[in-house]
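Peer 1: predicted model and sequence follow; I will ask about them next.
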Amino acid sequence: MVRFKNRYYLVELQFSAAAARNFSSKRLVEALKLTIKKHHGDFGLGSVMASLSGLPLPNASIIIVTLTHDGCFSVKYFNTTTLCAVIRCSKDYEAILTTALPLLRAIGKEACRLQVLRVAGTIKTCQRALKEHSEKRLVCLLADAQTEAERSKLISLVNNHPMNLA
């Protein structure tokens, strides 16, 4: 049995707060599809989508079937609060996704910037990188807090967050 090797991308979306409230992973997937198709054409889109669904790419007819197959491009993790996501791609086609991610400039009508924080071979490594990134951002937020009330509010938000393991 052949093992499929994947790459996991930890990415952070940066755009206005108003746009972030109505954002979902489905919109991210659609924007990525459009970006890949725009910059790499049908072959690039078919390759990445087939690699994510585990389908082989022996000829062009498979690409057409894959393009119509819905739901094969997936985001493994998406946090609406931090706007961080983990995206999986086959190692064979990682170059296509790697070049398409920074070229994503808008999601729908909302202008955005996508920053790749980490590319890893396992999702666990991405989880560790996400934790380190979140801790660094929290330290920056605490340093930027002007008053003690702001600092205590940030600390209480972190302590009362449902994902807090402490």
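Peer 2: Thanks, I have it.
Peer 1: okay, and the spatially closest residue to Arg7 that is not a sequence neighbour sits in which element?
Peer 2: The spatial neighbour of Arg7 that comes closest, neighbours along the chain excluded (C-beta to C-beta, 6 or more residues apart in numbering), is Glu94 at 4.5 Å. Where you see a C-beta, it was placed from the backbone N, CA and C, and this is true even at glycine. For Glu94, the host element (DSSP states H and E) is helix 94-100.
Peer 1: distance of the nearest residue to Leu13 once chain neighbours are set aside from Val119?
Peer 2: Using C-beta to C-beta, 6+ apart and skipping the chain neighbours, the partner closest in space to Leu13 is Leu83 (4.2 Å). Per C-beta to C-beta, to the nearest Å, Leu83 is found 18 Å from Val119.
Peer 1: and what of Lys153?
Peer 2: 35 Å.
Peer 1: for Lys109, same thing?
Peer 2: 29 Å.
Peer 1: the more surrounded of these two?
Peer 2: Neighbours per residue (other C-beta atoms under 10 Å) separate Lys109 from Val119, with Val119 holding more: 19 against 6.
Peer 1: hmm, back to that, surely the residue nearest to Arg7 touches Gly44?
Peer 2: No: the criterion here is C-beta atoms under 8 Å, and Glu94 misses it with Gly44 at 12.0 Å.
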